[in-house]
Each structure stands twice: as structure tokens, then as C-alpha cells.
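**Student:** Need coordinates for the following:
(one chain, ligands or ions: 1)
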Amino acid sequence: MASIETITALEGLRQRVAGWKREGLRVGFVPTMGNLHAGHHSLVRLARAEADRVVASVFVNPTQFGPDEDFDRYPRTPDEDAAGLEAAGCDVLWLPSVETMYPFGADNAVQMRVPGVTDVLEGERRPGHFDGVATVVSRLFNQVQPDVAAFGRKDYQQLAVIRYLVRDLAFPIRLLAGDTLREADGLAMSSRNRYLSAAERGQAVEIHQTLQAMRERLVGGSPADAVESMARQRLQGAGFEVDYAAVRTPELVAPVDSAGRRVLLIAARLGSTRLIDNLEFELAGT
Ligand code: PAF
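**Tutor:** Next up, the predicted model:
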């Protein structure tokens, strides 16, 4: 049984954080939906390196799941989560209930909507998803009042949404971006990987391999649209249902220049499991 301090009441969290701040300590924060893996633990360590105390939240946020998505079956592993957070150096596990997070009910909650960056890719395929993310992250920021907060680069577009939110609402919080951690074969770590059957787990690495193939083609001078269709066909051939395989700039718009920073993003389904991954790199001029 982990002995990390677990707080479930907002008053308790406020007192703990206020006490730290009175002592002049800097507070780091890692928001999660639980079922934590090494990627989350690395975010705790990243926050720890920039702060004196670290709070991690575990809250499976109903407002960011669509009606046909996996809210009910999203893996909930509270004991393992607490033990892993403690081992990673987290001080407090913030575990709010739905009632604490949404006192008037999730359907009557004040909502955030981030324009622009949410209109494409994930935003197009998962309507309302980023509104739910922005809504809950704003609440978590208000509850925890951290100095720094760490998010993973695997959710590339989510990070862009949070950056916009923090700037636009002037949250006094510095964002830290953690690199994607990968399994030995290259599959990006994700809580959803545990949905994969043994056969699907074998196929799943194709996403990372396709991202690498996309980069190679771009570096070799292929145009972005040809690279996108190669990626789509390759993934479909490997048994995926593809939502997108996209070549974008870091602002998530289609590139117009022949050189510059690129991010390659894939979202694809294997059976009932939806996986996302991305690869960012500098494309030199040809
Ligand atoms: O990335 C996640 O796990 C979630 O989207 C977040 C940021 C914890 C908000 O619920």
C-alpha cells in the first residue's frame, strides 16, 4: 500500500499548497487520467526538477470523452497509480470526485473553448474533446495553483491547446513539455495500449515505423501530400483504420515552405483501440 498523501477534498488541497507557498516552495503539477505508466512518471520527475513539491492529479474527466468513446472502460488502477507516483517523487495525489470537479454537474459546468488550434486533426475527429480538456485543465490549475505544470509531447495538439489557454487566460504557470516514452519496439507508451490484444500489440509498432518512413520521404524531397497518402496506405495495409496521417508545421497548419520545422501526426484505430503518435523534426531546404 503506497503511503503518498492522497487528498480528495479541495479544502485539504488548498491548505497543503498554501502551506508550501508560505514556506516559499515552488509547486509543480502533473495532471493525469490515471493508469499511469513510465511516461507519466517521467513527467513527475520533470516537474520535480523545476519545483520543490509536486502534485499529480488522477481524474478521468467525463467532459472530454465523446458519447461513443471509452469513458466507462478507461482503465482505472488507483493502487498502482499511487505507488508509481510515490516512487517517482510525487508529494501529493489529488483525487477529486466528479462532484468536486463539477459542483453543478458536468452538464451545467462553465466551459472553456479554445478556438483555432482545436479545429483540425483531433478536434475535427473528436468534437468537443478539447473543450473538455481545456475545461478540466483550467479547473485543475485553479485548484492546485501550481508554478509549473508538465504535459507530454505525445498529445501534441493537446499541448498546443494548453499553451494557448495559459497565454490567453494569463495563468501564472510555466509549462513543461515531456518527451514521449516508448516501448522497446518504438510504440509510444499510452494508457490505451492495454486495450490491445497480443496480435494488435504486434501490429501497433507500425505507427512509429510509418512516422519514421514519412520523415525519410520528406527528407528525400517527396511532397507532403504524397507522403501523407503513402502513410495512409501503409497503415491501412497493416490493418489500421486511419483517422489522419498528416504533415504539419508546429502550428498544425499544412506547410507551404520547402524547409522548416515539421510535425508528423498519426491517429489510427486497431480494432476498437485508437492510438495517436507524432514525430517532430527539422526539414532542411532541398
Ligand atoms: O492528457 C491527459 O491525460 C488528459 O487529457 C488531461 C490533461 C489530464 C486532462 O484530463
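**Student:** Mind jotting down where the helices sit in this structure?
**Tutor:** 10-22, 38-50, 78-88, 98-101, 122-125, 129-144, 156-168, 198-204, 206-219, 224-237 (DSSP state H).
**Student:** does any part of stretch 68-88 sit near the ligand?
**Tutor:** No - Stretch 68-88 stays clear of the ligand (C-beta under 6 Å from any ligand atom), getting no nearer than 10.0 Å. Using the backbone N, CA and C atoms, a C-beta is placed for each residue, glycine as well.
**Student:** Mean neighbour count and distance to residue 277 added to the helices of the chain, as a markdown table?
**Tutor:** Shown next, in a markdown table, are these (neighbours: other C-beta atoms under 10 Å; distance: least, C-beta to C-beta, whole Å):
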| stretch | mean neighbour count | distance to residue 277 |
| --- | --- | --- |
| helix 10-22 | 14 | 33 |
| helix 38-50 | 20 | 12 |
| helix 78-88 | 18 | 22 |
| helix 98-101 | 15 | 29 |
| helix 122-125 | 16 | 12 |
| helix 129-144 | 21 | 17 |
| helix 156-168 | 19 | 9 |
| helix 198-204 | 15 | 10 |
| helix 206-219 | 19 | 5 |
| helix 224-237 | 16 | 11 |
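**Student:** mind checking how far residue 276 is from residue 214?
**Tutor:** Counting by C-beta to C-beta, to the nearest Å, the separation of residue 276 from residue 214 is 15 Å.
**Student:** show me where pLDDT drops low in the stretch 151-286 of the chain?
**Tutor:** 286 (pLDDT under 70).
**Student:** Report the contact partners of the residue in the stretch 51-200 of the chain that the ligand sits nearest to.
**Tutor:** Relative to the ligand, the nearest point of the stretch 51-200 of the chain is residue 61 (4.1 Å; C-beta to the nearest ligand atom). Going by C-beta atoms under 8 Å, 6 or more residues apart in numbering, residue 61 touches 33, 101, 132, 133, 136.
**Student:** Swap in 6 Å and give it another go.
**Tutor:** Contacts for residue 61 (C-beta atoms under 6 Å, 6 or more residues apart in numbering) come out as residue 136.
**Student:** give me phi/psi at it?
**Tutor:** Main-chain torsions, residue 61, degrees, to the nearest 10: phi -80, psi 110.
**Student:** Look up the pLDDT of it for me, please.
**Tutor:** According to the prediction, residue 61 has pLDDT 98.
**Student:** From residue 132, how far out is it?
**Tutor:** For residue 61, the distance to residue 132 - C-beta to C-beta - is 6 Å.
**Student:** If you drop the residues flanking it in sequence, what lies closest to residue 157?
**Tutor:** residue 122 (5.0 Å; C-beta to C-beta, 6 or more residues apart in numbering).
**Student:** Check the gap between residue 207 and the ligand for me.
**Tutor:** 18 Å (C-beta to the nearest ligand atom, to the nearest Å).
**Student:** didn't that residue look like it was pressed against residue 277?
**Tutor:** Yes - proximity of residue 207 to residue 277 meets the contact threshold set by C-beta atoms under 6 Å, at 4.9 Å.
**Student:** which residues do the two both contact?
**Tutor:** Joint contacts of residue 207 and residue 277 (C-beta under 6 Å, 6+ apart) are residue 266.
**Student:** Quick one: residues contacting residue 196.
**Tutor:** Applying C-beta under 6 Å, 6+ apart, the residues near residue 196 are 204, 273.
**Student:** Try it again at 8 Å.
**Tutor:** 204, 270, 271, 273.
**Student:** Skipping adjacent residues, who's closest to the residue nearest in space to the middle of the chain in space?
**Tutor:** The centroid of the chain falls nearest to residue 155 when counting by C-alpha atoms, centre = their mean (3.7 Å). Of all residues not flanking residue 155 in the chain, residue 276 sits nearest, at 7.3 Å (C-beta to C-beta, 6+ apart).
**Student:** same thing with residue 154?
**Tutor:** That would be residue 180: by C-beta to C-beta, 6+ apart, it lies 4.3 Å from residue 154.
**Student:** State the number of residues packed around that neighbour.
**Tutor:** Residues near residue 180, counting by other C-beta atoms under 10 Å, number 19.
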